[in-house]
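S.K.: compute the structure for the input listed below.
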Amino acid sequence: MAFIPAKASAWFEIPVTDMARARAFYKSVLGNDLVLEESSPNPIAMFSAQDRMASGHVYPGKPAAPGTGPTIHLSVAAPIEDAMERVTQNGGQVVSPAISIPAGTFAYCLDPDGNSFGLFV
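M.R.: Numbering: from 1, shown residues only. I've put the predicted structure just below:
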């Protein structure tokens with residue numbers, strides 16, 4: 001039997017202090033409507049996923065100190081500069097210039113709670 005490696009990422013969770021603000025922020029920046037799910041003990045707002053991509057959600061929780069937690073990279077449509085502008089327009093912070101690598105282009109950012117994330121094209 002051949003070994004088939006699993007995906008490097010299957011799911012992610014982003015702790016936020018204000019669910020409504022986080023949903024509005026990520027929807028505006030990514031163009032990805034987060035679907036509120038309140039059927040479990042802890043409400044979550046799930047990122048929409050297509051084509052069996054890894055996905056995740058935001059949930060009420062305690063974020064790490066700004067810029068100290070793990071960094072996830074979230075897909076955006078080109079040009080990346082438009083998404084970087086939406087970050088600042090919606091209360092986040094862009095903390096790096098756009099960086100080109102062979103796999104694409106990314107920029108490091110912080111959401112309004114200080115969670116580190118990357119935009120990736």
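S.K.: ranges for the helices of the protein?
M.R.: 19-30, 80-89 (DSSP state H).
S.K.: distance from the longest one to the middle of the chain?
M.R.: Relative to the mean C-alpha coordinate of its chain, helix 19-30 is positioned 10 Å out (CA atoms, centre = their mean, to the nearest Å).
S.K.: likewise the last one?
M.R.: How far helix 80-89 lies from its chain's middle: 13 Å, per CA atoms, centre = their mean.
S.K.: tell me which residues in that helix are buried?
M.R.: By 16 or more other CB atoms under 10 Å, the buried positions in helix 80-89 come out as 80, 83-84, 86-87. (C-beta placed from N, C-alpha, C; glycine too.)
S.K.: got the contact list for it?
M.R.: Identification of contacts with helix 80-89 by CB atoms under 8 Å, 6 or more residues apart in numbering yields 28-30, 76-77, 93-94, 98, 105-107, 109, 119, 121.
S.K.: let me have the buried residues of helix 80-89 in TSV, extended by pLDDT and distance to residue 45.
M.R.: TSV is the format used below for the buried residues of helix 80-89 (pLDDT from 0 to 100; distance: CB to CB, whole Å):
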residue	pLDDT	distance to residue 45
80	97	24
83	97	19
84	98	23
86	98	18
87	98	18
